[in-house]
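Participant: What shape does this take:
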Amino acid sequence: MSRIGKKVIEIPQGVSVDVNDGLVTVKGPKGEDKQQLDPRFEVKQENNELTIICPSNSKKDNAFHGLYRSLVYNMVEGVVNGYQKVLKIEGTGYRANKQGKKLVMNLGFSHNVEMTDPEGIETETPDDRTIIVKGINKQLVGGYAAKIRDWRKPEPYKGKGIKYEGEHIRRKVGKTGK
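Facilitator: Numbers count the residues shown, from 1 in each chain. You can find the predicted model right below:
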């Protein structure tokens, strides 16, 4: 059996979980999130605890057991606390600002890069060098932050680009002149 899959998920007060034919719906103070699970897996709710029961002991089912437990746990955490990723912009002239639901970035191209916030995701720019991506779905927050970062990944010589807060960029030594 999966060690992660065997763990019980605690449901905080103010959060409701509904299971219907493999569709798990979690509602909480920050919003609502849904996830479709394999109908062979049973989700049992007792008091304020959720347990996911594996249909067999095969290697594939054990892998999905842990995956489904993690997905449901992340949904519960997301509707209670939410998720956020902080991106830092480094480089001369590189900056970002918010215009309505659009994130406008100047990243050294001949034009500004404009990205519209997808549904369920919100971006903030407390200053022109910081972007905060917020939402209740961990996958969407991480995916959108990765799309923003893909516009200008940090380069190893000067460290210019968009990086995650706390990310260490391995630096290289440049050419030396004679």
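Participant: got the buried residues for the host helix or strand of Gln84?
Facilitator: Under the criterion DSSP states H and E, the helix or strand holding Gln84 is strand 83-90. For strand 83-90, burial by neighbour count (16 or more other Cβ atoms under 10 Å) applies to Tyr83, Lys85, Leu87, Ile89, Glu90. C-betas here are computed from N, CA, C, even on glycine.
Participant: could those go into CSV alongside pLDDT and distance to Glu10?
Facilitator: Rendered in CSV, the data for the buried residues of strand 83-90 read as follows (pLDDT from 0 to 100; distance: Cβ to Cβ, whole Å):
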residue, pLDDT, distance to Glu10
Tyr83, 96, 18
Lys85, 97, 25
Leu87, 97, 31
Ile89, 96, 38
Glu90, 94, 40
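Participant: Output those residues as CSV; include the columns distance to Val72.
Facilitator: Conversion of these to CSV gives the following (distance: Cβ to Cβ, whole Å):
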residue, distance to Val72
Tyr83, 15
Lys85, 21
Leu87, 28
Ile89, 35
Glu90, 37
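Participant: of all these, which comes closest to Val43?
Facilitator: Tyr83 (22.0 Å; Cβ to Cβ).
Participant: isn't that closest one right up against Gln139?
Facilitator: No. Counting by Cβ atoms under 8 Å, Tyr83 does not reach Gln139; the two are 9.3 Å apart.
Participant: next one: the longest helix seen in the chain to chain centre, how far?
Facilitator: Looking across the chain with DSSP state H, the single longest helix is helix 59-80. The chain centroid and the centroid of helix 59-80 are separated by 14 Å, computed with Cα atoms, centre = their mean, to the nearest Å.
Participant: swap in stretch 131-142?
Facilitator: That offset, for stretch 131-142, works out to 4 Å (Cα atoms, centre = their mean).
Participant: where do the strands sit along this protein?
Facilitator: 9-10, 16-20, 23-28, 31-36, 42-46, 49-53, 83-90, 95-99, 102-106, 113-116, 121-124, 130-135, 161-164 (DSSP state E).
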